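Chemist: A predicted structure for the sequence below; I have some questions about it.
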There are 2 protein chains.
Amino acid sequence: MPTTAMKVETVLGALADPTRRQVLEVLAAYPAASASVLSRQLPISRQMVLKHLGVLQGSGLVRSAKAGREVLFQVQSAPLSETAEWLSSLAAQWDSRLADLKARAERPDTTN
Amino acid sequence: MPTTAMKVETVLGALADPTRRQVLEVLAAYPAASASVLSRQLPISRQMVLKHLGVLQGSGLVRSAKAGREVLFQVQSAPLSETAEWLSSLAAQWDSRLADLKARAERPDTTN
DNA sequence: CAGAGGTGCAACTCTGTGGTTGCACAAGTT
DNA sequence: AACTTGTGCAACCACAGAGTTGCACCTCTG
């Protein structure tokens, strides 16, 4: 499923920004919180919190739901796990390829 | 050691850029390769490849070594694994905190 | 020695986006 | 009805960084 790869890339992009990580950190302390609440505990305006939450939501790291007149956001761990798995499998792939090339170099007679 | 956290952040930053991931992908196919060689297989100039390699090196994802008149780069998997572990532990942390809050909400009599 | 291919440095452009402020509107509260 | 607090939209500024081109210098090799 090519969906995974695309999602992982957006997660990486979302996680790349320090402020965004900070937003996540604060948000993770709540079961759910609104942009206004978060902005009070962050060094940036509500508008920016909202924008960052938008990006995070785009990568699946955050979900939102209306509750009365306010919109509550909550952290979502699944994309994190997926991304972790993606990274570690990529590392494994690099290692195995390197081992392969190395072996091939040590006995250049094998097949080709 | 706070080094780990800092490193992870730079890895995330390095991995966030699509072109940089592409550079890594191409580079991973070689045991080691120079910026010039890589640039021929990429849609960007050697200068840019070099800059990206600089960023990647800054995060430890790539190592360089002089070989005669050229500088050879090679992929390094360790930072990838570290980052993967970091992400998955963060996911676990989120989950456990959520479970905790949930349990606390269901029996508000416990202690406080 | 002369040329070809490699590296390093620097100036410059331009798009993306992090950040702000201001305003208009919706929904609870007294 | 008036007030408070929350959301949504839009204009705007400023900086980082992705990308380019050009040039000077090194280092193999014919």
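Modeler: Yes, it's here.
Chemist: just the pLDDT for A:Lys102.
Modeler: Looking at A:Lys102, its pLDDT reads 72.
Chemist: give the contact list for it.
Modeler: By Cβ atoms under 8 Å, 6 or more residues apart in numbering or on different chains, the contact set of A:Lys102 is B:Pro31. Quick note: C-beta positions are derived from backbone N, CA and C, even for glycine.
Chemist: now name the helix or strand holding it.
Modeler: Assessed by DSSP states H and E, A:Lys102 sits inside helix A:78-106.
Chemist: what angle sits between that helix and helix B:78-106?
Modeler: Going by axes from the mean of the first three to the mean of the last three Cα atoms, to 10 degrees, helix A:78-106 is angled at 160 degrees with respect to helix B:78-106.
Chemist: buried sites along helix A:78-106?
Modeler: A:79-84, A:86-88, A:90-91, A:94, A:97-98 (16 or more other Cβ atoms under 10 Å in any protein chain shown).
Chemist: does chain B sit close to the least confident helix or strand in chain A by mean pLDDT?
Modeler: Ranked by mean pLDDT, DSSP states H and E, the weakest helix or strand in chain A is helix A:2-16, scoring a mean of 85. Yes: on the criterion Cβ under 8 Å from any Cβ of the partner chain, helix A:2-16 is in touch with chain B at A:9, A:12-13, A:15-16.
Chemist: highest neighbour count among those residues?
Modeler: Counting neighbours by other Cβ atoms under 10 Å in any protein chain shown, A:Leu15 comes out on top of these with 26 neighbours.
Chemist: for A:Val71, which non-adjacent residue is spatially closest?
Modeler: Distances taken as Cβ to Cβ, 6 or more residues apart in numbering or on different chains put A:Ser64 closest to A:Val71, at 5.5 Å, once the chain neighbours are dropped.
Chemist: would you confirm that the one you found belongs to a helix?
Modeler: No: looking at A:Ser64 with DSSP: H, G, I helix; E, B strand; the rest coil, it is strand, so not inside a helix.
Chemist: what sits up against the least confident helix or strand of chain A?
Modeler: A:20-21, A:55-56, A:58-61, A:79-80, A:82-83, A:86, B:12-13, B:15-16, B:18, B:21.
Chemist: residue contacts, A:Val23?
Modeler: By Cβ under 8 Å, 6+ apart, the neighbours of A:Val23 are A:38, A:42, A:49, A:52-53, A:56.
Chemist: for DNA strand C, what are the nearby residues on chain A?
Modeler: With Cβ under 7 Å from any atom of the strand as the criterion, chain A meets DNA strand C at residues A:17, A:19, A:43-45, A:47-48, A:51-52, A:55, A:68-69.
Chemist: just the buried subset of the residues you listed, please.
Modeler: For the residues of chain A next to DNA strand C, a neighbour count by 16+ other Cβ under 10 Å gives the buried set as A:17, A:51-52, A:55.
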